[in-house]
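Undergrad: Sequence below, structure please.
(2 chains)
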Amino acid sequence: MNTPSRGMGALTLLVGLAIGLATPVSAQTGDTSGADWEQTLREAQGQTVYWNAWAGDQRTNAFIQWVGEQTEARFDVAIRHVKLSDTAEAVTRVVTEKAAGRDENGSVDLLWINGPNFLSMKEQDLLHGPFVRDLPNSRYLDLSRGSANTTDFTVPTEGLESPWRLARFVFNYDTARVDNPPRTMPALLEWAQANPGRFTHPHPDNFMGATFLKQALIELTPDPAVLQEPVENADFASATAPLWDWYDAIQPHLWRGGETYPSNESEQQRLVNDGAVDIGLSFDPASTAAAIKQGLLPPTARVLIPAAGSIGNVSFVAIPYNARHTAGARVVANFLISPRAQARMQNIEVLGAFSVLDFERLSDSQRARFEALPDAPALPTREALGKTLPEPHPSWMTRLIETWAQRYTR
Amino acid sequence: MKNVRRTGLRALIIAVLIGPVLLGVAQTLSAAFGWLPALGERTIGLAPWRTLLDQPGLATSVQLTLWTGISATVIGFALAFGLVASLHGRAMGRSLMPWLAPFLAAPHAAIAIGLAFVLAPSGWLLRLLAAPLDLTHPPAWALVGDPLGIGLILGLLVKEVPFLALIMTASLSHLPVRRWLIQARSLGYTPAATWLRVVLPMMWPQIRLPTLIVLSYALSNVDMALILGPANPPVLAVTVLRAYTAPELSSLLTAGAGAALQAIGVLITFAGVWAFERLIGVIGRTRLRRGRRGRLSGVALGLAQALNPILLGMASAAIAALAVWSVTWRWSWPKPLPEQLSMAAWQQPGDSWIGPLGHSLLFAGVTTALALMLAIAWLETEQRRGASLLAGILYLPLLLPQIGFLPGLQFGFLQLGIGPGLLAVGWAHLLFVFPYVLLVLVGPWRGYDPLLSRQAASLGAGPLRRLFRVKLPVLLAPVLAAGAIGVAVSIAQYLPTLIMGGGRINTLTTEAVSLASGADRRITAVYAILQMLIPVAAYGIAIIAPMLRGRRHRLLREPRYATGD
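TA: Here you go, the predicted structure:
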């Protein structure tokens, strides 16, 4: 693609090496040697990484663009953001390529992924790696077994995907219109009955709609522990019976009588902004503050956190087995977990997504970057977010979506 | 020797344009019956069909598809006919093109987005009515995403009526309509009855193909259905697209079955049109023999005429809404106008529209130029008689639903080593640009006075010189019009860009459609406006350039192919 002139290449090589070498080899976890990483950096030079990422959020798109500018300047690795409306599109592409026998030079280099899509690719052996421990910056992560960074919807990541941001389920609402917003699912039902047509959720085909159903399931099911096992091992009917009772009761009081649903959380945010519904939802606690800044929500909008805590997960990046620019993709994955990129990501004026780094492992000056970040009135603190509820096993999500569709599609 | 070369060229054109369609259809059909060896699927059987038919809401999807597609086509046909009949012989009728050009040129997605801005419960219409009606919240009913698909039908109408009206106007130029009107009046028939009983049957053979194209599109479009159509469940084409993009391998087979079902549905409605045509023929003849003078025709035609201004008004409001939203900062409900204006949406740093604009221009420019060359080559090598069946096959890409063969084609291309990218997308665009260009050029080429070329030949001009120095200058206006339509068709392509580009190629259209379901109307509006400006500019050039040139070349008047009788 747009390879810089030879001289520029050499210069960026030097810069890249300098940064790579600034990492003390002894501090690295795993069996990586600095020389291996140098080799990766050399291979990556001049590559353009096709990063397939859900593009429904403008701030994330802008952040990805910034990452591309940084990696290009530092490592001579350009990023082309392949904008997805659904991550499954990219998974299908890799599946199709494998089917057509295209085992190298695939069209996807890096993929923003988690949950069922990850499980699907892992099961079909479509992922490159393990590679996470080879990344020099992985030393800032808590990669112990069972930690949030090594478990994706209960499935062990086994180094096949590298974390980059935290997600937490939250509601939001306009304080100018709603006085006492409901903070539990039973309270939400009462509220919807008292305010018919003023609440909805995205269609469960969309991951945000599915997450809402999962949050409701965790709050309503008699024993949430069974959700950590594959659904085949549990009694699906009895575990979900309270959910469907609750949903049968609330559905007639949803926006437009529950006959249609917004297609994703952005569309629902537009409904909140228009005053068509009163409560929105998001997988990003910072999105409300950011939307106010962009003029997409009224300044009186605030985040609403479920009383019993809410579902949280980590977003990862993975590299398909047939990626054309594996080295470049590794360089990008490594840059994403650098303290510099993570601090910028957590800045509410940029993106506001919470960092995946373990602050214990940062130096004082690295921590200072995070402590200096600006604040916003609609931005909840980490403490205010309360307990993180673990994601159920992916098989639950699939069954929930199917059952919902059977019950509520005309 | 010359004949061999001619046949070879025509065979090549068919191979380039129809080969991919057949490849796509074959792949789709084999997937529908479980045969996709490259995927390890070798169980031939009806399993994919069973999975498809077990999908919740499939019956509703199919009903919705038929209802929206057929009613949009029938109403659109009636409105277009009413428009043409009411404007015939008037000054405005002669210059219909400039009036309809913006709607003709505007891509489906842009019109859909604009209509949604106007008609949604929180749209402009209800913002204007909120104060008089004393509404505190946007109402719960809606014309966008409504379960009956009214919004989708309206959107389709806005695009179909101008297209059909233009085609009808062109076909009228070959018919002695004025003479018929006078003769019929002397026999006591009203003009309305004459239009319905004489002009329409005579016009029908010439507009059958475009009508079928419209019908096929209305039954199978994806981008308008995504923006304006119902969501739970959506129309069949959207269901198929979802199955195609689902992560499970097996759903590719289900998608194949869905695509085949979509194609079968379209073919069945074509058969319905054929049967209806026969039926009307029989009934019409007996009624004519009875000799009634048909006062009701006036009512029917009048109704169609009355609805046209409403439709065009709505379409104009949609375009205005796009312009206003693109320069809005904050416009909360129920203010009738934005509270704060800003150019911020045009200056998005993170998400520049420059790249998608470049892609759109590239595809539009290259495919239109190629399509023009191929279409002229096709017409120049045409033998006087016969071969019409062969020519008909060139319209196959427009008659088959896109979703019916593009997924298969992507897979076929991949096996041939053509990965998702510029080439695959450009080729797919060409499949749709070419037949439209051909459709526009066929009439003028047949109407061209061969005497001009013969005179040039007698003056010693060779075939190429005759083509470039005589024929093309004379036919400049239709060539430019065909080019403009080519540009508009390429710009509007959503599914071919999405599927053949593997999501890597962003055009204004793919961006606009994906942004349309997002939170930010302002940025969506920017893409929709840009998407509209390119074809509108192309139409502007096609309309104005021949006028300017006309002043200099008074003698080189083109034949009367589209000027009315």
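Undergrad: Please list the residues of the stretch 351-500 of chain B that sit near chain A.
TA: Remark: the part of the stretch 351-500 of chain B in contact with chain A comprises B:351, B:410-411, B:414-415, B:419-421, using CB under 8 Å from any CB of the partner chain. For glycine as for every other residue, the C-beta is placed from the backbone atoms N, C-alpha and C.
Undergrad: Contact partners for the residue of the stretch 101-250 of chain B found nearest chain A?
TA: For the stretch 101-250 of chain B and chain A, the shortest gap (CB to the nearest CB) falls at residue B:122, measuring 3.6 Å. By CB atoms under 8 Å, 6 or more residues apart in numbering or on different chains, the contact list for residue B:122 reads A:271, A:274-276, B:138, B:333.
Undergrad: What about those, which are in helices?
TA: If you go by DSSP state H, these have A:271, A:274 in helices.
Undergrad: Out of the contacts of residue B:122, which comes closest to residue B:524?
TA: Distance to residue B:524, by CB to CB, is smallest for residue A:274 among these, at 14.3 Å.
Undergrad: Help me confirm that the closest one comes into contact with residue B:335.
TA: No: the criterion here is CB atoms under 8 Å, and residue A:274 misses it with residue B:335 at 11.0 Å.
Undergrad: who's more crowded, those two?
TA: Higher neighbour count among residue A:274 and residue B:335: residue A:274, with 21 against 13, using other CB atoms under 10 Å in any protein chain shown.
Undergrad: which bits of the stretch 201-350 of chain B sit near chain A?
TA: Taking CB under 8 Å from any CB as the criterion, the stretch 201-350 of chain B approaches chain A at residues B:230-233, B:242, B:244-249, B:252, B:329-330, B:332-334, B:340, B:348-350.
Undergrad: Show me just the buried residues among those residues.
TA: Burial by neighbour count, 16 or more other CB atoms under 10 Å in any protein chain shown: within these this picks out B:230-233, B:242, B:244-249, B:252, B:330, B:332-334, B:348.
Undergrad: I'd like the distance between whichever residue of the stretch 51-200 of chain A sits closest to chain B and residue A:349.
TA: The minimum distance from the stretch 51-200 of chain A to chain B, using CB to the nearest CB, falls at residue A:62 (2.4 Å). Using CB to CB, to the nearest Å, we find residue A:62 at a distance of 11 Å from residue A:349.
Undergrad: now residue A:212
TA: If you measure residue A:212 against residue A:349 using CB to CB, the figure is 28 Å.
Undergrad: neighbour-wise, which of the two wins?
TA: Between residue A:212 and residue A:349, residue A:212 has the larger neighbour count (other CB under 10 Å), namely 22 against 13.
Undergrad: Where does that one sit: helix, strand or coil?
TA: helix (DSSP: H, G, I helix; E, B strand; the rest coil).
Undergrad: Run through the residues that contact it.
TA: Applying CB under 8 Å, 6+ apart, the residues near residue A:212 are A:169, A:201-202, A:204, A:281.
Undergrad: which of those count as buried?
TA: For the contacts of residue A:212, a burial check counting by 16+ other CB under 10 Å picks out A:169, A:201-202, A:204, A:281.
Undergrad: Show me what the helix or strand containing residue B:29 is packed up against.
TA: Element membership for residue B:29 (DSSP states H and E) is helix B:2-32. When contacts are defined as 3 or more CB pairs under 8 Å, 6 or more residues apart in numbering or on different chains; DSSP states H and E, helix B:2-32 packs onto helix B:47-54, helix B:250-290, helix B:354-380, helix B:388-393, helix B:396-399, helix B:402-415, helix B:422-447.
Undergrad: Format the ones you listed as CSV; extra columns: mean pLDDT.
TA: Shown next, in CSV, are these (pLDDT from 0 to 100):
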stretch, mean pLDDT
helix B:47-54, 92
helix B:250-290, 91
helix B:354-380, 95
helix B:388-393, 71
helix B:396-399, 94
helix B:402-415, 88
helix B:422-447, 92
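Undergrad: all strands of the stretch 201-350 of chain A, in order?
TA: Using DSSP state E, counting those that start in this stretch, the strands of the stretch 201-350 of chain A run over A:279-282, A:301-304, A:310-318.
Undergrad: which neighbours does the first one have in its sheet, and in what orientation?
TA: Within its sheet, strand A:279-282 is paired with strand A:170-174 (antiparallel), according to DSSP bridges.
Undergrad: The strand it pairs with versus strand A:310-318: what angle between them?
TA: With axes from the mean of the first three to the mean of the last three CA atoms, to 10 degrees defining the directions, strand A:170-174 sits at 120 degrees from strand A:310-318.
Undergrad: List the contacts of strand A:170-174.
TA: Applying CB under 8 Å, 6+ apart, the external contacts of strand A:170-174 come out as A:181, A:269, A:272, A:278-285, A:287-288, A:297-298, A:300-306, A:310, A:380, A:385.
Undergrad: Name only those of those that count as buried.
TA: A:181, A:269, A:272, A:278-285, A:287-288, A:297-298, A:301-306, A:310, A:380, A:385.
Undergrad: Which residues of the stretch 201-350 of chain A lie near chain B?
TA: A:203, A:205, A:255-257, A:259-261, A:263-264, A:266-267, A:269-271, A:273-276, A:291, A:294-296, A:298.
Undergrad: Tell me who's in contact with the residue in the stretch 301-410 of chain A that chain B sits nearest to.
TA: As assessed by CB to the nearest CB, chain B sits closest to residue A:409 within the stretch 301-410 of chain A, at 3.7 Å. The contact partners of residue A:409, taken as CB under 8 Å, 6+ apart, are B:56-57, B:60, B:232-233.
Undergrad: mind running it again at 6 Å?
TA: B:56-57, B:233 (CB atoms under 6 Å, 6 or more residues apart in numbering or on different chains).
Undergrad: same deal with residue B:49?
TA: By CB under 6 Å, 6+ apart, the neighbours of residue B:49 are residue B:257.
Undergrad: C-terminal to the lowest-mean-pLDDT helix or strand in chain B, which secondary structure element comes first?
TA: Counting by mean pLDDT, DSSP states H and E, chain B has its least confident helix or strand at helix B:91-94, which shows a mean of 59. Using DSSP H and E, the helix or strand that follows helix B:91-94 towards the C-terminus is helix B:96-105.
Undergrad: Can you list the helices and strands that that following helix packs against?
TA: Helix B:96-105 sits against helix B:150-172, helix B:521-552, with contacts defined as 3 or more CB pairs under 6 Å, 6 or more residues apart in numbering or on different chains; DSSP states H and E.
Undergrad: what helices or strands is the shortest one leaning on?
TA: Think helix B:150-172. helix B:58-87, helix B:96-105, helix B:108-119, helix B:200-220, helix B:223-228.
Undergrad: Buried residues, the longest one. List them.
TA: Translated: helix B:58-87. Neighbour counts over helix B:58-87 (16+ other CB under 10 Å) mark B:58, B:60-62, B:64-66, B:68-73, B:75-87 as buried.
Undergrad: Mind telling me which residue is nearest the centre of chain A?
TA: residue A:315 (3.4 Å; CA atoms, centre = their mean).
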